[in-house]
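Colleague: Take this sequence and fold it.
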Amino acid sequence: MSRAIVIGGGVGGLTAGLALRERGWDVTVVERAPALEAVGSGLAVAVNALRALDTLGLGDQVRELSRVQGAAGIQSASGRWLSRTSPEAAHARYGDSIVLMLRRTLVDLLAGRLGGDQVRLGAEVTGLDAERGLVRLGEETLEADLVVAADGIHSRTRKQLFPGLPGPVYAGVTAWRALLPRPEGLTIHSVESWGRGKVFGTHQLAGDLVYLYATDLAEPGGAPRDEREDLLRRFGDWAEPIPALLRAADPAAVLRNDVYYLAKPLPALHRGKVALIGDAAHPMTPNLGQGACQAIEDAVVLAGVAGGDLAAYTGARLRRTADIVRKSAAICRVTKLRAPLAVRLRDTGMKLAGKLSPDLVLRSMDGVLDWRPPAWSGRGPDARV
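Modeller: Residues are numbered from 1 along each chain as shown. Presented below is the predicted three-dimensional model:
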């Protein structure tokens, strides 16, 4: 039996481990943290990622544990609609819906299906021989036919495989995330509000939880003592329900992360017996909501070609992921506009375009959401259990 070592126990690593096991591999996932990620944040699982999960027989469970995204769109800071769409229109165009869930729920689902005996926690990789497939964990050395690097944005594996290439660059914005119970009397939609260099987004999740996120121009590395108060200072005069949600949020539950992305794509997503997936391969800004979705795609595509030439994996994934990284970064640049005239022109253009083409929001996602797994990935593109 072929053996695979997966470095990293996030969404991408666990999906890769499960996908490889479904194709008959002996899999071990090594995660340096003492527990699988319990990040308190929400996650949009888009149509393309649901199709990938369907090949593993998990799509329907994800749908059952999630909340279908309802009416969605972009507003100004004052609450004026700039563009919007409906779940009915999305389903008609792509044949499925975007679902919203806790990241922790997806991690638990993947880990539960994979099995605890195939996940090693507190196991830090201290060395790697890409050509021979050797992974060192302290004094222990594991040998594998395939090593999957899912070790995140600042991947040590990527640096080792491509030491002369630039790493991720700061996008110029810091991101905040938080979860909270829905305050009584508030109706929450999937809305992203754009202001002068700022973005604030809201989603209603299952279990009457609200997921909120925000970005703003900031120097990297900053860390105020009270992140919620910092957010109220930045967004407290925006249209409701934004101020009300911030007032209701637990200050200790607000997460802050600087946003990095890979401005120049890698020449390949593999080297020797090692394949890179997810943020280790193509870190991107969060503007398209595709970070985890692309990691899931990577995992099922890789499992389909594993055991053969890994060049097929690079050929199937490099151009697509590079395009999505560029598109997401382009949207990020538009959200960073601060000059009043530039912001006014941006908002007016979005509103006019939406009137002239009501399906503009959806059409802009063509090429991303209409992806389908190759016939050789997972159990097949039409699998259900």
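Colleague: Surely residue 308 is in a strand?
Modeller: No - under DSSP: H, G, I helix; E, B strand; the rest coil, residue 308 falls outside any strand and is assigned coil.
Colleague: And it, how far from residue 55?
Modeller: With the distance defined as Cβ to Cβ, to the nearest Å, residue 308 ends up 18 Å from residue 55. Where C-beta positions appear, they are placed from N, C-alpha and C, glycine not excepted.
Colleague: What of residue 236?
Modeller: 45 Å.
Colleague: Residue 308 and residue 55: which has the busier surroundings?
Modeller: residue 55 (29 against 10; other Cβ atoms under 10 Å).
Colleague: Surely that one touches residue 377?
Modeller: Yes - at 5.6 Å, residue 55 counts as touching residue 377 under the criterion of Cβ atoms under 8 Å.
Colleague: intersection of neighbour lists for the two?
Modeller: 19, 300 (Cβ atoms under 8 Å, 6 or more residues apart in numbering).
Colleague: you'd agree residue 200 is up against residue 235?
Modeller: Yes - between residue 200 and residue 235 there is a contact under Cβ under 8 Å: 5.4 Å.
Colleague: Give the residues shared as contacts by these two.
Modeller: 214, 242.
Colleague: So what touches the longest helix anywhere in the chain?
Modeller: Longest helix of the chain, by residue count under DSSP state H: helix 311-335. Residues from elsewhere that reach helix 311-335, judged by Cβ under 8 Å, 6+ apart: 171-173, 194, 197-199, 215, 259, 261-263, 265-266, 268-270, 275, 281-288, 290, 294, 297-298, 301-302, 305-306, 346, 367-368, 371, 374.
Colleague: next one: stretch 119-138
Modeller: Contacts for stretch 119-138 (Cβ under 8 Å, 6+ apart): 5, 7, 9, 14, 17, 28-36, 111, 141-147, 151, 156-157, 160-161, 271-274.
Colleague: Next, check the residues you listed against the helices and list the overlap.
Modeller: Per DSSP H, those map to helices at 14, 17, 111, 156-157, 160-161.
Colleague: Just the buried residues of those.
Modeller: 14, 17, 111, 156-157, 161 (16 or more other Cβ atoms under 10 Å).
Colleague: Farthest pair within those?
Modeller: 111 and 161 (26.6 Å; Cβ to Cβ).
Colleague: still on that earlier bit, give me the buried positions along the longest helix of the chain.
Modeller: For helix 311-335, by 16+ other Cβ under 10 Å, it's 312-314, 316-318, 320-322, 324-325, 327-329, 332, 335.
Colleague: now it, how far from the chain's geometric center?
Modeller: Centroid separation between helix 311-335 and its chain, computed with Cα atoms, centre = their mean, to the nearest Å, is 13 Å.
Colleague: and which of the buried ones among the ones in helices among the contacts of stretch 119-138 is nearest to residue 51?
Modeller: The closest of those to residue 51 turns out to be residue 14 (Cβ to Cβ; 17.9 Å).
Colleague: In contact with the closest one, which residues?
Modeller: Contacts of residue 14 (Cβ under 8 Å, 6+ apart): 6, 29, 36, 107, 110-111, 114, 119.
Colleague: cutoff 10 Å now
Modeller: 6, 8, 29, 31, 36-37, 106-114, 118-119, 150, 295-296, 299 (Cβ atoms under 10 Å, 6 or more residues apart in numbering).
Colleague: likewise residue 176?
Modeller: Residue 176 neighbours (Cβ under 10 Å, 6+ apart): 200, 212-216, 227-228, 230-231, 234-235, 246, 249, 254-257.
Colleague: at 7 Å what do you get?
Modeller: Neighbouring residues of residue 176 by Cβ atoms under 7 Å, 6 or more residues apart in numbering: 213-214, 227, 231, 254-256.
Colleague: Inside strands: which ones of the residues you listed?
Modeller: Taking DSSP state E as the definition of strands, the contacts of residue 176 contribute 213-214, 255-256.
Colleague: Could you export the residues you listed as TSV, including neighbour count, pLDDT and distance to residue 207?
Modeller: Below are these laid out as TSV (neighbours: other Cβ atoms under 10 Å; pLDDT from 0 to 100; distance: Cβ to Cβ, whole Å):
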residue	neighbour count	pLDDT	distance to residue 207
213	19	98	18
214	26	98	22
255	14	94	19
256	17	95	24
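Colleague: Now a PyMOL select for only the buried ones of the contacts of residue 14.
Modeller: Paste this into PyMOL to select the buried members of these, with burial taken from 16+ other Cβ under 10 Å:
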select buried, resi 6+8+29+31+36+37+106+107+109+110+111+113+114+118+119+150+295+296+299
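Colleague: coming back round to it: going through the contacts of helix 311-335, which ones are buried?
Modeller: Neighbour-count burial (16+ other Cβ under 10 Å) applied to the contacts of helix 311-335 gives 171-173, 194, 197-199, 215, 259, 261-262, 265-266, 268-270, 275, 281-288, 290, 294, 297-298, 301-302, 305-306, 346, 368, 371, 374.
Colleague: quick one, the lengthiest strand in the chain and helix 311-335 angle?
Modeller: Criterion DSSP E: the longest strand present in the chain is strand 169-181. If you take axes from the mean of the first three to the mean of the last three Cα atoms, to 10 degrees, strand 169-181 sits at 80 degrees to helix 311-335.
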